[in-house]
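Enquirer: Please find the sequence and the predicted model below.
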Amino acid sequence: MIVIGERVNATRKRIRAALEQKDAKAIQEEIMMQDAAGAHYIDLNAGSGSGGLAQEKEDLCWLIDLALECTSKKLALDAASPQVLKYAAKHLDGRRPWMLNSITGELDEASLAILELACRHRVPLIALAMDKEGIPPDAARRLAICEAIFKEAEKRGLAADLLYFDPLVMPLSTDAVQAMVTLQTIRGIGELFPEARTAMGLTNISHGLKKRFLINGAFLTTAICFGLSAVICDPTSKSVQRAIIMGNLLAGKDKFCRRYSRAVRSGLFEKGEQG
Amino acid sequence: MSKDELLAKLEHSIVMGHLDADDEGFDGTMEGTPGTLELLEEALKAEIEPGVLVESFRVAMGKVGQLFEAEEYNLADMLASAECVGKAMEIIGPALQAVSHSTKGKFLIATVEGDLHDIGKNIVATMLKGAGYQVKDLGIDVPAATILQEIRAYKPDYVGLSALLTSTMVEMEHVVRLIKEENIPGLKVFIGGAPTSQEFADKIGADYYCRDVREALDKLEEVSKVS
Ligand code: B12
């Protein structure tokens, strides 16, 4: 189970403020706490939506430099614009293993340019199961989009195991069947493209409901049992840590139940209910 | 590394359930360090005797039992250690049998019904084969009726029964009584397993109790001299 730490994202107020004030300490704190919590990748997103591309390029490179200084974890370069990602990739210059986040099934110019970038550097790429019409409400159409992406990636020579399909997660509060739609998409991807991987963002599932950590945890555990390979989330959250342990245990990926037993011994399951 | 150091490491690897270098071990830190299988290979190269190795397995599993009793280990941890010894015996066994002549008599061995423990029984079976006995192993959880049938068909000189649970010691008593009722001249019944004792053997009418495999070999030599 690969954990992509999502905390350094300019859509969060704290991060946006840190970017504006060049508060290196605040950013590095966020990185190091995710590192300590066991993240495999640190996601870096500098797209605040206001500053323009030139600003985003500069900010993302600054985040990269901060990350290189304070962690040895891999990096996920997260932006919508291929120009920003190209610029950042050049700046990173292979000094650390990295991945790209993300393209959509629209396969427009931007997505194709990012796909090209992933091919050229042979790095993992997250691909969202949505197209120009948005996110399909059912699994069948999400899988059809994944198939289109798969074919395009194959044509351009990206190894299947570098593709991380995002099955996409919609709130249960507005459509009660959405957890199952995501789970069926995960399973479908596993059946159709056994070599490809899956990566999903977690917390949208509980949007608009109370005690969100309970829903997030149960959903993540179940998704792992359906074959999820990576999760984009806050790795410092206890409920996420518990859910990963339980998911690996129930999915038969915890030999001699050792990781579960170690988590019990470390007190992971003792410390109150908070997320 | 001296032989003693090597044995201590081997014992530790079994207690930690650390099968080989790919395995993370009980505490999750041992991946990349030599495990039971690598250390066993070294021990065999260093020409440490199988009997000595097997004794260290017994000591290691004893420690595992204590950790289980103290609730530090759970069932899965115990199983991880059991797997280490099981795989190690698969390696030691064939090497021993290559030199055996199998002329010292027939030994039928089984773990009694209700009991799934077989590490000790397998060690005894393997070492007896290595020492020149012809051994037939009926496995674990063997019903009394099967044991009696096999006695009639295989006509062993010795029958060995293993039990590791207080609950299956009762079954052992039952099997010994049935064997004795068959009145087969010369047939000797051996028992073993951690909870059994000389006292228990006397009580249920078994001919010999063996604390470990060394004692089993000594007592067998004794019997064969007498007869
Ligand atoms: C490994 C192990 C397991 C493994 C067994 C795997 C396997 N393939 O064998 C697993 C995890 C499956 C297991 C399960 C259980 N186990 Co368990 N297990 C053990 C443990 C830790 C080690 C046993 C062992 O292999 N020892 C090493 C060998 C080399 O020693 P040995 O068997 O005594 O054999 C030597 C001598 O006794 C003698 N010998 C043995 N048999 C024979 C036969 C003959 C003919 C002769 C001559 C000599 C002889 O020579 C052998 C070699 O020197 C013991 C602890 C202990 N201290 O014994 C608990 C222990 C036996 N288990 C115990 C329990 C409670 C259980 C379970 C009920 C647990 C559960 N809650 O489910 C189950 C029962 C399953 C069943 N129905 O049988 C208890 C028994 C308590 C009791 N008084 O009844 C013990 C004592 C642990 C404890 N301290 O609580 N167990």
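Expert: Nice, I can see it. Numbers count the residues shown, from 1 in each chain, chains lettered A, B, ... in the order given.
Enquirer: Pull the number of nearby residues for the closest residue to the ligand within the stretch 51-200 of chain A.
Expert: Residue of the stretch 51-200 of chain A nearest the ligand, by Cβ to the nearest ligand atom: residue A:190 (32.4 Å). All C-beta atoms are positioned from the backbone trio N, CA, C, and that covers glycine. By other Cβ atoms under 10 Å in any protein chain shown, 17 other residues sit near residue A:190.
Enquirer: In space, what's closest to it - neighbours in sequence excluded?
Expert: residue A:227 (4.2 Å; Cβ to Cβ, 6 or more residues apart in numbering or on different chains).
Enquirer: re earlier: from what I see, the residue of the stretch 51-200 of chain A closest to the ligand and residue A:198 are in contact.
Expert: Yes: counting by Cβ atoms under 8 Å, residue A:198 is a contact partner of residue A:190 at 7.3 Å.
Enquirer: which residues do those two both contact?
Expert: Among the neighbours of residue A:190, those also in contact with residue A:198 (Cβ atoms under 8 Å, 6 or more residues apart in numbering or on different chains) are residue A:227.
Enquirer: name the element the residue of the stretch 51-200 of chain A closest to the ligand belongs to?
Expert: For residue A:190, the host element (DSSP states H and E) is helix A:178-192.
Enquirer: same thing with residue B:65?
Expert: helix B:50-69.
Enquirer: same check, this time on residue A:219
Expert: helix A:212-225.
Enquirer: can you dump the C-alpha coordinates of that helix into PDB?
Expert: Extracted in PDB, the C-alpha atoms of helix A:212-225 (Å, rounded to 0.1, in the frame of the first residue of the first chain):
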ATOM      1  CA  ARG A 212     -15.800  11.900   8.900                       C
ATOM      2  CA  PHE A 213     -12.800   9.900  10.100                       C
ATOM      3  CA  LEU A 214     -15.000   6.900  10.700                       C
ATOM      4  CA  ILE A 215     -16.200   6.900   7.100                       C
ATOM      5  CA  ASN A 216     -12.800   7.600   5.700                       C
ATOM      6  CA  GLY A 217     -11.300   4.700   7.700                       C
ATOM      7  CA  ALA A 218     -13.900   2.200   6.800                       C
ATOM      8  CA  PHE A 219     -13.800   3.200   3.200                       C
ATOM      9  CA  LEU A 220     -10.000   3.000   3.000                       C
ATOM     10  CA  THR A 221      -9.900  -0.500   4.600                       C
ATOM     11  CA  THR A 222     -12.500  -1.700   2.200                       C
ATOM     12  CA  ALA A 223     -10.800  -0.200  -0.800                       C
ATOM     13  CA  ILE A 224      -7.600  -2.000   0.100                       C
ATOM     14  CA  CYS A 225      -9.500  -5.200   0.100                       C
END
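Enquirer: Look up the pLDDT of residue B:65 for me, please.
Expert: pLDDT recorded at residue B:65 is 87.
Enquirer: brain fart, residue A:127
Expert: 98.
Enquirer: ok, back up a step: name the surrounding residues that touch the helix holding residue B:65.
Expert: B:7, B:10-12, B:14-15, B:40, B:43, B:73-75, B:77-78, B:81-82, B:85, B:88-89, B:92, B:95-96, B:119-120, B:123, B:127, B:130, B:194, B:212-214.
Enquirer: swap in stretch A:184-202?
Expert: A:2, A:4, A:6, A:124, A:126, A:129, A:139, A:142-143, A:146-147, A:150, A:160-161, A:163-169, A:182, A:216, A:219-220, A:223, A:226-233, A:240.
Enquirer: which SS class is the closest residue to the ligand within the stretch 151-275 of chain A?
Expert: Closest contact between the stretch 151-275 of chain A and the ligand, by Cβ to the nearest ligand atom, is at residue A:256 (10.3 Å). On the three-state scheme (DSSP: H, G, I helix; E, B strand; the rest coil), residue A:256 is labelled helix.
Enquirer: Can you tell me the SS state at residue 84?
Expert: Just so you know, I chose chain A. Secondary structure, three-state DSSP: residue A:84 is helix.
Enquirer: Count the neighbours of it for me.
Expert: 24.
Enquirer: isn't it right up against residue A:52?
Expert: No: shown here, residue A:84 and residue A:52 do not form a contact pair, counting by Cβ under 8 Å, at 10.4 Å.
Enquirer: which residues are in contact with the top helix by length along chain B?
Expert: As assigned by DSSP state H, the longest helix anywhere in chain B is helix B:75-98. By Cβ under 8 Å, 6+ apart, the list of residues contacting helix B:75-98 from outside reads A:256-258, A:261, B:13-19, B:26, B:35-37, B:40-41, B:44, B:50, B:53-54, B:57, B:60-61, B:64-65, B:67-68, B:119, B:122-123, B:126-127, B:129-130.
Enquirer: Repeat the analysis, applying 6 Å as the threshold.
Expert: Residues external to helix B:75-98 that are found in contact with it (Cβ atoms under 6 Å, 6 or more residues apart in numbering or on different chains): A:256-257, B:14, B:17, B:19, B:26, B:36, B:40, B:50, B:57, B:64, B:68, B:119, B:122, B:126, B:129-130.
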